[in-house]
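J.: how would this look folded up:
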Amino acid sequence: AYISFMFRCYDDAEENVSKFFACRENAWANLMANHINHALYTGLICYWVARKSRDGQKWYDRGNECKMTLKRWAESSQWTFVNKWYLLE
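T.: You can find the predicted model right below:
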């Protein structure tokens, strides 16, 4: 999703984020280290899609989920994660 977003392939980014959310719901741990990067970029993509989509509320809700994930990480280590949380705030 990140590569698609950076190269402005927004339809691909939206599709990849949808797949990520479907997979994440079945994951046994939401606070694994690799989820922090996914949470940041997925949140950015969700908020972008929310502004462009007719189904905006669903994407805002997903963006807020990502923001809350980053907030939990920021509470455990402000030095490392609070800046990422502020980006989505």
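J.: and the helices in the protein?
T.: Using DSSP state H, the helices found in the chain span residues 2-6, 10-24, 33-52, 56-76, 78-88.
J.: okay, those helices in TSV with mean neighbour count next?
T.: Placement of C-beta: from N, CA and C, glycine included. Shown next, in TSV, are the helices of the chain (neighbours: other C-beta atoms under 10 Å):
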stretch	mean neighbour count
helix 2-6	15
helix 10-24	16
helix 33-52	18
helix 56-76	17
helix 78-88	15
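J.: need these in TSV (columns: mean pLDDT).
T.: As requested, the helices of the chain are arranged in TSV below (pLDDT from 0 to 100):
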stretch	mean pLDDT
helix 2-6	63
helix 10-24	75
helix 33-52	83
helix 56-76	87
helix 78-88	84
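J.: can you give me the distance of the residue of the chain positioned farthest from its centre to Leu88?
T.: Checked against the mean C-alpha position of the chain, the extreme residue using C-alpha atoms, centre = their mean is Trp79, at a distance of 20.0 Å. Counting by C-beta to C-beta, to the nearest Å, the separation of Trp79 from Leu88 is 18 Å.
J.: also Asp11?
T.: In this structure, Asp11 and Leu88 are separated by 22 Å, where distance is defined by C-beta to C-beta.
J.: try Glu14
T.: With the distance defined as C-beta to C-beta, Glu14 ends up 17 Å from Leu88.
J.: now swap in Thr42 and tell me
T.: Look at Thr42 and Leu88: by C-beta to C-beta, they are 10 Å apart.
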